[in-house]
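Participant: Provided below for reference: sequence and predicted model.
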Amino acid sequence: MLKNKHDKRSISDNIKLGSLTAFSAGMVNVTSVVIFFSFTSNVTGHYAILAHELSKGNWYQAAIVLAWIFLFFFGNFISNILIINMQGSRKYLGHALPLILEIICLLMVGTYLEYQYAETLQETEALVALMLFAMGLQNGLTASISNSAVKTTHLTGLTTDLGILFSLFTKKIHREDKELTNKAQLLLAILFSYLIGGIFAGLVFLEIQNTVFYIVSAVLGIILIYDYHAIRFPGVLIVEHLYLRRRSKKVEGVQENIDDRRKSA
Amino acid sequence: MKSSFISIVPIITFSGLFLFMISNDKSPELKLIGKWEEVSWEYEKVDKPEKNREGWIEEIDDQVQKEMYSHLFIHEAELWNFLTNKNLLLFKNENKHDSLRWKLKGRGNVLELQHNNLETEQYIIHDLTPDELVLHFNSDLQVRGIVKMIFKRID
C-alpha cells in the first residue's frame, strides 16, 4: 500500500490504502463532531465559517478557525516534505512517517481525553487542531503517493468525480473503459469506507468512548504493518527478486529452446 | 534560497494574521462571564403544537417533535449568572432557583449546560456581543429555530 508511488501503484494498492484511510477518517470525523461539535476531516466548511466569523467581527473565533485550516494545510505540507525528501532506500520510511505521526497525534488526543480533559474551550480548540493536523498528514500522504487519485478525508471532490463518472457510464464506450471503471471502483470503495467508519464510530462511541481513537490508530497501524516486511526483511525481497529473475531467465531459456527446435524442424 | 522563502511565506502570513486577530478579541468564555437577563424568548410550538407561526413546524413529524422536546428545558424571564468556575446560577424573581455547569464547545459557538442529574441542554450561540447574547436551541435533528432566547448584559 505504501511501497509504491504514482504510476507504479496498482488499482488494488489504491483501493486498499483508500479504504483503510477513509474508514479511519470517517471514524475521526464523527467522533470529533460528537465530542467537540466540530468537523476535523474536512476544511471546506471551516472556510465558510471563517468568512462568517470575519463578517461578524468575531476575531477570536475567526483566528481559531484560521489556525485549524492552517494546521490541515501544515499536515499536508509535512507529509509531502517527508515524501519528497526521503527517496531511494528510505522511500518506504518517507511514506510511513506521516502515518506514524498521525497515529501519535490521534493517540495523544485519545489519551488526553481519557485522563486530562476538563472540557475547557482552549482544550477543545487545541484537540480539534491536533486532529485536523492528523487528517492533513493523512490526506497529504495518500494524495501525494497516489498522484492525487486517493483523497480520503473529505468527499466533495469524490462526489463530483462520481457524478461525472456515472454520467460517462451512460455511454457504452465509457462503460468498457477499464481505467474509468477502476476509478469508479476506487471512489466507491473510499465513499463506503468513510461512511462505514463514521457509522461504526457513532455506534461504538457510546460504549467505548475515547477508545475509538485507539481503534483508529490500530486501523492505520494495519497499513504500516502490511508493507512492514519491505523494511524489516529487505533480504527476503532480494531473494524474492533473484528468484523471480532466475525464473524469468529460465522461462526465456525454455522459450529459446522451443524456438530453436522449431527452426531445426 | 528563493524557493525556501516561498515555502515559509504561508507560515509567516498565517502567524501574523493569527496574532493580529487573537490579540484584537476576547475568548467567548471570557465574553460570556457575567450576568445576563432574558429579555425575549420564543418557544415555538412547545405549548401549542396546532398553531402554525412559521409554516415549517407542520412538516416535522410527531416523533421528531417528541425527540426535540425531550431535551428541552423552559427558561423564561430568568437571570443567568455565568461564573468563572464554570457554574451557572439561574435566578427567577431575584431568587436563585437552579445551579448548572456550563461549558463551550466547537469554536465557542455551542453552549452546553449540565444539570445536577447530568441532563444536558445545548444551545447555538448565534450572537455574543458585549451587550447581547442570542441563543438558539441546538438539536442533532438539523431543525433550527425551535427556541430563540435573547439576553441583555446587566453588569
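Facilitator: Alright, I've got the coordinates. Numbering: from 1, shown residues only, chains lettered A, B, ... in the order given.
Participant: Kindly report the residues of chain A close to chain B.
Facilitator: For chain A, the contact set with chain B under C-beta under 8 Å from any C-beta of the partner chain comprises A:36-38, A:49, A:53, A:56, A:58-67, A:70, A:73-74, A:119-122, A:124-125. In short, each C-beta sits where N, CA and C put it, glycine included.
Participant: redo that, cut-off 7 Å
Facilitator: Residues of chain A lying close to chain B by C-beta under 7 Å from any C-beta of the partner chain are A:36-38, A:58-67, A:70, A:73, A:119, A:121, A:124-125.
Participant: In this structure residue A:27 contacts residue A:197, no?
Facilitator: Yes: judged on C-beta atoms under 7 Å, residue A:27 makes contact with residue A:197 at a distance of 4.3 Å.
Participant: Identify the residue spatially nearest to residue A:208, adjacent ones excluded.
Facilitator: Nearest non-adjacent residue to residue A:208, counting by C-beta to C-beta, 6 or more residues apart in numbering or on different chains: residue A:215, 7.8 Å away.
Participant: Next: residue A:110.
Facilitator: The nearest residue in space to residue A:110 (C-beta to C-beta, 6+ apart) is residue A:213, at 2.8 Å.
Participant: Might you report the residue contacts of that neighbour?
Facilitator: If a contact means C-beta atoms under 7 Å, 6 or more residues apart in numbering or on different chains, then residue A:213 has A:106, A:107, A:109, A:110 as its contacts.
Participant: Okay, helices next: where are they in chain B?
Facilitator: Using DSSP state H, the helices found in chain B span residues B:2-23, B:28-32, B:62-69.
Participant: and those helices, which one is worst for confidence?
Facilitator: Ranked by mean pLDDT, those bottom out at helix B:62-69, with a mean of 59.
Participant: quick one: residue A:74 from residue A:105, how far?
Facilitator: For residue A:74, the distance to residue A:105 equals 12 Å [C-beta to C-beta, to the nearest Å].
Participant: Compare these two (neighbour count), which wins?
Facilitator: Legend: neighbour count by other C-beta atoms under 10 Å in any protein chain shown for residue A:74 and residue A:105, higher for residue A:105 (24 against 20).
Participant: Show me the domain layout of chain A.
Facilitator: Listed by automatic domain parsing, the domain ranges of chain A are A:6-232, A:234-265.
Participant: deepest of those, which one?
Facilitator: Ranked by mean neighbour count, those are led by domain A:6-232 with a mean of 19 (mean count of other C-beta atoms under 10 Å in any protein chain shown).
Participant: How far away from the center of its chain is that one?
Facilitator: Centroid separation between domain A:6-232 and its chain, computed with C-alpha atoms, centre = their mean, to the nearest Å, is 6 Å.
Participant: rewinding a little: what sits in contact with each of residue A:74 and residue A:105?
Facilitator: Shared contacts of residue A:74 and residue A:105, defined by C-beta under 7 Å, 6+ apart, are found at residue A:133.
Participant: picking up where we left off before, and among the helices of chain B, the most buried is which?
Facilitator: Note that of the helices of chain B, helix B:28-32 is the most buried (mean count of other C-beta under 10 Å), with a mean of 18.
Participant: roughly how far is it from the heart of the chain?
Facilitator: 11 Å.
Participant: Repeat that for stretch B:9-25.
Facilitator: The answer for stretch B:9-25 is 27 Å, by C-alpha atoms, centre = their mean.
Participant: Not counting residues beside it along the chain, what's closest to residue A:197?
Facilitator: Per C-beta to C-beta, 6+ apart, closest to residue A:197 is residue A:26, 2.8 Å.
Participant: so the one you found touches residue A:195, yeah?
Facilitator: Yes: under the criterion of C-beta under 7 Å, residue A:26 is in contact with residue A:195, at a separation of 6.4 Å.
Participant: Which ones among the residues of chain A next to chain B map onto helices?
Facilitator: Short answer: these in helices (DSSP H) are A:36, A:59-67, A:70, A:73, A:121, A:124-125.
Participant: Which single one of the residues you listed is nearest to residue A:150?
Facilitator: residue A:73 (18.7 Å; C-beta to C-beta).
Participant: Now the closest one. Nearest residue, chain neighbours left out?
Facilitator: Residue A:73's closest residue in space is residue A:136 (C-beta to C-beta, 6+ apart), at 6.5 Å.
Participant: going on from whichever strand or helix holds the one you found, what's the next piece of helix or strand?
Facilitator: Assigned by DSSP states H and E, residue A:136 falls within helix A:121-145. Note on helix A:121-145: by DSSP H and E, the next helix or strand toward the C-terminus is helix A:156-168.
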